[in-house]
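Chemist: any chance you can model this:
(chains A and B)
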Protein chains: 2
Amino acid sequence: MSFKDTLEEKVAYAESVIKSYLPEETGFQKTVLEAMNYSVLGGGKRLRPLFMSETYRMFGGNGQEIEPFMAAMEMMHTYSLVHDDLPAMDNDDYRRGRKTTHVVYGEAMGILAGDALLNYAFETAAKAFPLAKNSHLAARAIEVFARKGGIYGMIGGQVADVEAEKTPGSEMTEELLLFIHEHKTAALIQSAMMVGAILAGASDEDVKKIEQIGYKIGIAFQIQDDILDVTGTMDELGKPIGSDEKNGKKTYVTFKGLDGAMADQKRLSSEAIEALASFANRNPFLEELVDSLVNRHK
Amino acid sequence: MSFKDTLEEKVAYAESVIKSYLPEETGFQKTVLEAMNYSVLGGGKRLRPLFMSETYRMFGGNGQEIEPFMAAMEMMHTYSLVHDDLPAMDNDDYRRGRKTTHVVYGEAMGILAGDALLNYAFETAAKAFPLAKNSHLAARAIEVFARKGGIYGMIGGQVADVEAEKTPGSEMTEELLLFIHEHKTAALIQSAMMVGAILAGASDEDVKKIEQIGYKIGIAFQIQDDILDVTGTMDELGKPIGSDEKNGKKTYVTFKGLDGAMADQKRLSSEAIEALASFANRNPFLEELVDSLVNRHK
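Modeler: Predicted structure coming up:
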């Protein structure tokens, strides 16, 4: 089976797992349940659940307790998008071609649907306890899941990003940009992979390696985003001016130049793939997945 | 020592526990950390952590693992207030005589500080795992903590409340009002007491009893709120018209009348206190605490 077919099959599996953990739309709180499901079922590549289950498989995991965590991961990612789209934040009316949650359900329900998804992420992750052979592992996985989503993870990056954008005269430095990329983008990829490794019983040393690999994948992924913003527009318009540059937004390309950014992305993704290949049990699909992501053209 | 002195001492203890789990205000995400601490340290009676630690003591708990949960409980309660005060929700500029979080830090940071507190509540609760003698108990406590805060708990009630207020022509029924009170108010009191009982190793049967007691305390507390809205204004203005009635808000008093509400409150609180007194190891302070709350005059 080609990589593309395998990928499609695995995304379909992740999709079915996520769906199976979504709430039934019933009761006096029905509206928020509809808003949650609308938000989660808005498409998306389901990358984080995929990274999680494939890392789990790489370390020999073969139980059911990974599934509530896969769903929880996507709920956490989705809540961050729902709140990010709010009028007081990015004020986006559309995401992936569909109206954003607060546009459909109103701003109050947008806030509450995000809150509900974040809380339900933990409620769902906790469903792993009765499924796990070893509840200590599920406990460690919840710790990592919480930390990487919070003020020392994704929210930390989100705050720094919002502040840099909204504070007049604040200067974006390379150090701050890397902090934002590490926390806003890489943290949830680290979380996904670390949770997979932990639940499968990987050693502390291997979990640390996975954390570094997740960091490299996350940063490479984000650099590729910044590169595509420039080259994508170049293909369309014949000149290398991206939307980030037009918006006065400093990106990795601003600091390193296009060639420098491409070189760093290449280096980081190669290092990540090599590190993945160094484990006793390799998972070739996971290596291909990383390669396909950082070499994507849109 | 009088009840009042003991209460003060215990509130001071809860306060110190909560403070010890708040984040240090440092790093690129400093603003959100400040906003979190500002929100949590805005006063409040620390009732939920008190209910938690006193229920824990009643069932013989004497470890340290209760403390992260006490702090987590207050973080969850606080995030709900921060988001409740947002312009798209109740749009309140003041709470307990201080400016609300979004007024001080801006709306985007108000949203993010709430998100951060909710996430950090789980991150903090997870710190109980290495402290607990029995990690299964900490796992069950996290499950309850998540469920009672979420769509089948507090958020469920919040959604129903917001929708009833914001939907023109929607009719408030007694059934819906009780749903809102049970979920918006009682759920976190149930959560606090159940987490205390579970961590102390109470039997499933006793945890169920505690859930019912928490329900009764929560509803009685909320009825007392509705009563005070009427009688408090009566004392001040000499006429029995409360702010709820002026705002066209239907309360427990609307459905049951003042006498009926008082009778129900009395019955529920007496039943809760009697049920607490029926456990093998009584905690007289906890019984007095319930009595003082439902007989409060402001």
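
Chemist: I'd say residue A:56 and residue A:66 touch.
Modeler: Yes. In this structure residue A:56 lies within contact range of residue A:66 using CB atoms under 8 Å: 4.8 Å. Where you see a C-beta, it was placed from the backbone N, CA and C, and this is true even at glycine.

Chemist: shared neighbours of the two, anything?
Modeler: Shared contacts of residue A:56 and residue A:66 (CB atoms under 8 Å, 6 or more residues apart in numbering or on different chains): A:196, A:199.

Chemist: now the strands: where do they sit in the stretch 51-200 of chain A?
Modeler: Listed in chain order, the strands of the stretch 51-200 of chain A (DSSP state E, counting those that start in this stretch) span A:94-95, A:98-99.

Chemist: quick one: contacts of the last one?
Modeler: Outside strand A:98-99, the residues that touch it by CB under 8 Å, 6+ apart are A:42-43, A:93.

Chemist: looking at the residues you listed, which are in helices?
Modeler: In helices, judged by DSSP state H, none of those are found.

Chemist: looking at those residues, spot the one nearest chain B.
Modeler: Of all these, chain B sits closest to residue A:93, with 15.5 Å by CB to the nearest CB.

Chemist: surely the closest one meets residue A:103?
Modeler: Yes. Residue A:93 lies in contact with residue A:103 (CB under 8 Å); the separation is 5.2 Å.

Chemist: and the closest residue to residue A:277 other than its chain neighbours, how many neighbours does it have?
Modeler: With sequence-adjacent residues excluded and distances taken as CB to CB, 6 or more residues apart in numbering or on different chains, residue A:277 is closest to residue A:287, at 6.2 Å. Residue A:287 has 18 neighbouring residues, counting by other CB atoms under 10 Å in any protein chain shown.

Chemist: mind checking how far residue A:287 is from chain B?
Modeler: Using CB to the nearest CB, to the nearest Å, we find residue A:287 at a distance of 31 Å from chain B.

Chemist: distance check, that residue against residue A:185.
Modeler: Using CB to CB, to the nearest Å, residue A:287 is found at 20 Å from residue A:185.

Chemist: how about the helices in the stretch 1-150 of chain A?
Modeler: A:3-20, A:30-40, A:47-58, A:66-84, A:101-105, A:107-125, A:135-149 (DSSP state H, counting those that start in this stretch).

Chemist: okay, these, which one's buried deepest?
Modeler: Of all these, helix A:107-125 has the most neighbours on average by mean count of other CB atoms under 10 Å in any protein chain shown, namely a mean of 27.

Chemist: sort the contacts of strand A:98-99 by pLDDT and name the bottom one.
Modeler: Within these, pLDDT reaches its minimum at residue A:43, with 82.

Chemist: which phi and psi does it have?
Modeler: As for residue A:43, its main-chain torsions (degrees, to the nearest 10) stand at phi 90, psi -150.

Chemist: nearest residue to it in space, please, no chain neighbours.
Modeler: Leaving aside its sequence neighbours, residue A:43 sits nearest to residue A:96 (CB to CB, 6+ apart; 4.8 Å).

Chemist: burial check on that neighbour, number of neighbours?
Modeler: For residue A:96, the count of nearby residues is 9 (other CB under 10 Å).

Chemist: thought it was touching residue A:44?
Modeler: Yes. Counting by CB under 8 Å, residue A:96 does reach residue A:44; the two are 7.0 Å apart.

Chemist: lowest-confidence helix or strand of chain A?
Modeler: Ranked by mean pLDDT, DSSP states H and E, the weakest helix or strand in chain A is helix A:243-246, scoring a mean of 70.

Chemist: between the helix or strand hosting residue A:290 and helix A:47-58, how many degrees?
Modeler: Under the criterion of DSSP states H and E, residue A:290 resides in helix A:284-294. Angle, helix A:284-294 to helix A:47-58, by axes from the mean of the first three to the mean of the last three CA atoms, to 10 degrees: 150 degrees.

Chemist: give me the residues contacting helix A:284-294.
Modeler: A:3, A:6-7, A:10, A:47, A:50-51, A:54-55, A:58, A:217, A:220-221, A:224, A:265, A:268-269, A:272-273, A:276-277.

Chemist: buried stuff in it?
Modeler: A:285-287, A:289-290, A:293-294 (16 or more other CB atoms under 10 Å in any protein chain shown).

Chemist: equivalent analysis for stretch A:260-279, please.
Modeler: For stretch A:260-279, by 16+ other CB under 10 Å, it's A:261-262, A:264-265, A:268-269, A:272-273, A:275-276, A:279.
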